[in-house]
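# Model the following, please.
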Amino acid sequence: MTRFALHCLHGEQREAAWRCIAALTPEDLLHREPFQAPQFTNATLIKSNAFEIECPAEVLQFDLDVWPAERVWASLREAAGERPLIAVPLRGKVLALGTIEDIRDAFGDNIKGPIERTPVAPEDFRHEDGAIVSLMRQALVRSVAERVGLDTDGTKTLWRSLAFRQVRHGSASYSVREAAGVFLKRIGRVQHLILMPSLKVFDWTGVEPPREINDAIKLEILGYQHNKPFNKAVNGWRETLFRKDRLSVFEFPSGCASGFKFRVRRSPIFGSIGLPSNGRPLKVSETVQRLIKHRGMQLDEPSLLFSNKAGTAPVRDTLPIRGILNNRPYDYPLTSRGLASSLRIGVVCPAAEAQELHTYLQFVNDSLTPSDTERDYLLDYPGFQTAYGLPVRLLGPDSPGWMTCPEPSTHEPVQGSRDAARLINRSIERLHASHAPDVVLIYIPDRWQPFRRYRTKFEGFDLHNFVKAFCAQRGIATQFLNEDTLADDHQCRVWWWLSLALYVKGMRTPWLLDNLADDTAFVGLGFSIDPNAPRGDHVVLGCSHIYSARGEGLQYRLSKIENPVIRRGNSFMSADDARRVGETIRQLFFDARMKLPERVVLHKRTPFVKQEREGLRDGLRGVASIDMLEIQIDRALRYVASVQKPDGTPDEDRFPIRRGTVMKLDDYSALLWVHGATTALNPRLKYFQGTAYAFGSGLIKMR
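So this is what the prediction gives:
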């Protein structure tokens, strides 16, 4: 109606209409609202691998007479050569750290105009992959390596010269060295140096092996690195890199009177975590108190709804597996009344592995015990039927429920990948037509590894994604199973994961979240960019599962972005595109619930720019509350949990930071620990103005 009115009205009437519209949409709705959290008594401390750092407040800046036609970054690196000089492009200029003499020597007559010093603003450090951060990190890594005597790639990694272990992988021997990744990250309003302990692997010629070998060796040595070895590694690098006094100064170029200086504090930053209830005060020394930079709290686990064993009433528990074992899945009444009396599993598998897979799948109803390292948090797996109260129908080879997938016609990766995908899809169609399983289990042997994915200059292909997309269009639920899963040492964990996946993908509901408003919609937004498509057709928006407040998916929607805005390689919506998305969300909720939502919570992995906030607000007109959250997974920042010793002082904890711990960094960002998320929706930020979602496990940052 707004668009119709503006189209039909002219002159003063149109101006009057605009004034009315402006009065109905106050500008303050577009401003970001800060996170708000109460303060509780300090119950525990968490120690990070982040160290406060002061980077140079200025850099050298100059222009080029002739800029490279392509590969600008690489061309600047090649021009700098082996000199103690780093140069990066930004906003039509070259920014550099080094000496003016080296700049003139490297770029010569191509320098246009003067070489000047220019200040660096705090906002320039906000983008961790930006030019300023890249410039500073390279200079820091090189100066640290030179002063301490370490090897480096000159950009982001330091490692010790001597190997600490020799390992064999396959038929080859490899040398492993202790390494540390270096990151510059803005936490709150302060710049920090992040040290991420790692490993560097070399073959006998001193060359790094392929990524799959590299990753396998690192995983074998580090495994799921727990608090104690991680903390020991961080402390080892602290002793190596930093002086005994509080402040370490690194200069680039080294020994140059006009060099650029980095000042790093030796002690890492701490966070103080409070408990809303039953929190025992923690004694903190004055020395440690000065290192506490952020405060947060541990939220209670949300109650989950299950069914009692008679299928007559709901019961509550906070742990999903315990709730399943002690009770029954939420939708058990469907099973007990014969409305959904079994779960039919179909299998697609190559002929050579059929017997091996069939033998493995017999464990579906066997009891399994967790390994010693998992007993603290994982319960026994009692078998599928005992756990879920639901029989599983799983037939063997040469039956209608088992489809043998032919072999690809070639071993060449590109054609072989396409063949494998086509043959799998054809097998799924035949299986679904003859057996109509609830879930199709797709087995991928190790020898098909070359067919998993490929990427050429013009095309990328992923077997998993291709088959998933094919099945999603036909409403077929699928579960991939790789051969290496069969040899996993932690089969109890594997079968809990696999059984839950099969149960849920069979359109069954193991549990629901309790005590949430029914008039709230939760929406995840994701963008897919096809760089080879014509402009205007190359960005697709995925409205990833519009959820009701109980975690029930309402609908999945894909749509083309008509006027995308590309910034730093990321896609953003124009105001019109965002308005259409808002209107779609409102309509989908209304179609499902016959009413408009009172509150809509949106999240995505990139910031909500002003055009998106304006458009979404206009499209969601009539919705009383709109929350927009940017969520990032933080892969460098780590924290070590602590426990309280009998004398009241903190000590290193054997366990990771508790799930549900949330820490406020500043008014507009917070960290949330989401180890082992129980569902795609995490409503536990009830103490905050805002809502967060949990993906997988680890640490997420919310803005």
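# Model confidence at the closest residue to residue 303 other than its chain neighbours, what's the number?
Distance criterion CB to CB, 6 or more residues apart in numbering; nearest residue to residue 303, sequence neighbours excluded, is residue 514 at 4.0 Å. (Glycine included, C-beta is placed from N, CA and C.) pLDDT, residue 514: 80.
# so who does residue 514 touch?
When contacts are counted by CB atoms under 8 Å, 6 or more residues apart in numbering, residue 514 touches 302, 303, 304, 305, 316.
# Just among the residues you listed, which is most surrounded?
In terms of neighbours by other CB atoms under 10 Å, these top out with residue 304 at 23 neighbours.
# pretty sure residue 254 contacts residue 146?
Yes: shown here, residue 254 and residue 146 form a contact pair, counting by CB atoms under 8 Å, at 5.2 Å.
# so where do the helices sit in the stretch 251-400 of the chain?
Remark: helices assigned in the stretch 251-400 of the chain by DSSP state H, counting those that start in this stretch are 286-289, 320-326, 332-336, 354-361, 384-388.
# With respect to residue 45, which of those helices lies nearest?
Closest approach to residue 45 among the helices of the stretch 251-400 of the chain is made by helix 286-289 (7.1 Å; CB to CB).
# got any ranges where this structure has weak pLDDT?
Applying pLDDT under 70 to the chain flags the ranges 24-32, 224-225, 258, 278-279, 515-517, 529-560, 568-569, 647-650, 675-703.
# so the nearest residue to residue 253 once chain neighbours are set aside is in which element?
Leaving aside its chain neighbours, residue 253 sits nearest to residue 84 (3.7 Å; criterion: CB to CB, 6+ apart). Using DSSP states H and E, residue 84 is not contained in any helix or strand.
# cool, and residue 45?
strand 42-48.
# Any chance of the helices of the stretch 251-400 of the chain in a markdown table with mean neighbour count as columns?
Below are these laid out as a markdown table (neighbours: other CB atoms under 10 Å):
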| stretch | mean neighbour count |
| --- | --- |
| helix 286-289 | 10 |
| helix 320-326 | 18 |
| helix 332-336 | 19 |
| helix 354-361 | 16 |
| helix 384-388 | 19 |
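# right, and those helices - which one's nearest residue 397?
helix 354-361 (4.5 Å).
# and residue 254 and residue 146? which has more neighbours close in?
Taking neighbours as other CB under 10 Å, residue 254 and residue 146 compare with residue 146 leading, 17 against 12.
# Buried residues, the helix or strand containing residue 497. List them.
Following DSSP H and E, the helix or strand that holds residue 497 is helix 491-505. Residues 491-496, 498-505 are the ones in helix 491-505 that count as buried (16 or more other CB atoms under 10 Å).
# same for it, what does it pack against?
Judged by 3 or more CB pairs under 8 Å, 6 or more residues apart in numbering; DSSP states H and E, the packing partners of helix 491-505 are strand 343-350, helix 384-388, strand 439-444, strand 478-482.
# So what touches that helix?
Against helix 491-505 from outside (CB under 8 Å, 6+ apart): 321, 329, 343, 345, 363-364, 368-371, 374, 378, 380-381, 384, 387-388, 390, 392, 438-439, 441, 477-479, 481, 485, 488, 510.
# Now the element after that helix, going C-ward?
Beyond helix 491-505 toward the C-terminal end (DSSP H and E), the next one is strand 512-513.
# bridging residues for the spatially closest residue to residue 332 that is not a sequence neighbour?
By the measure of CB to CB, 6+ apart, the closest residue to residue 332 outside its immediate chain neighbours is residue 307, 4.1 Å from it. Under DSSP bridges, the beta-bridge partners of residue 307 are residue 314, residue 328.
# In this structure residue 98 contacts residue 60, no?
Yes: between residue 98 and residue 60 there is a contact at 7.1 Å, judged by CB under 8 Å.
# Which of these two has more residues huddled nearby?
Using other CB under 10 Å, the more surrounded residue of residue 98 and residue 60 is residue 98, with 24 against 20.
# which residues sit in contact with that one?
Contact analysis of residue 98 by CB under 8 Å, 6+ apart lists 60, 80, 83, 84, 85, 86, 87, 252, 253.
# Among those, pick out the one closest to residue 572, please.
Nearest to residue 572 among the contacts of residue 98 is residue 87, at 29.5 Å by CB to CB.
# pretty sure the closest one is touching residue 81, no?
No: using CB under 8 Å, residue 87 makes no contact with residue 81, being 10.8 Å away.
# And stretch 444-460, end to end?
20 Å (CA to CA, to the nearest Å).
# okay, which residue is most central for this protein?
For the chain, the residue sitting closest to the mean C-alpha position, by CA atoms, centre = their mean, is residue 633 at 3.6 Å.
# Adjacent strands (with direction) for the longest strand along the chain?
Looking across the chain with DSSP state E, the single longest strand is strand 172-187. If you go by DSSP bridges, strand 172-187 pairs up with strand 157-159 (antiparallel), strand 165-169 (antiparallel), strand 190-202 (antiparallel).
# Report the distance from the shortest one to the chain centre.
Averaging C-alpha positions (CA atoms, centre = their mean, to the nearest Å) puts strand 157-159 24 Å from its chain's average.
# Which strands or helices does the lengthiest helix in the chain pack on?
When the chain is parsed with DSSP state H, its longest helix is helix 413-435. Here helix 413-435 touches strand 343-350, strand 402-405, strand 439-444, strand 453-455, strand 460-462, helix 463-473, going by 3+ CB pairs under 8 Å, 6+ apart.
# Distance to residue 212 and mean neighbour count for those - can I get that in CSV?
As requested, the helices and strands packed on helix 413-435 are exported to CSV (distance: least, CB to CB, whole Å; neighbours: other CB atoms under 10 Å):
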stretch, distance to residue 212, mean neighbour count
strand 343-350, 21, 24
strand 402-405, 24, 21
strand 439-444, 15, 24
strand 453-455, 12, 15
strand 460-462, 16, 15
helix 463-473, 16, 16
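# Let me have these in a markdown table, adding distance to residue 432 as columns.
Listed next are those as a markdown table, based on distance: least, CB to CB, whole Å:
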| stretch | distance to residue 432 |
| --- | --- |
| strand 343-350 | 7 |
| strand 402-405 | 9 |
| strand 439-444 | 7 |
| strand 453-455 | 25 |
| strand 460-462 | 22 |
| helix 463-473 | 9 |
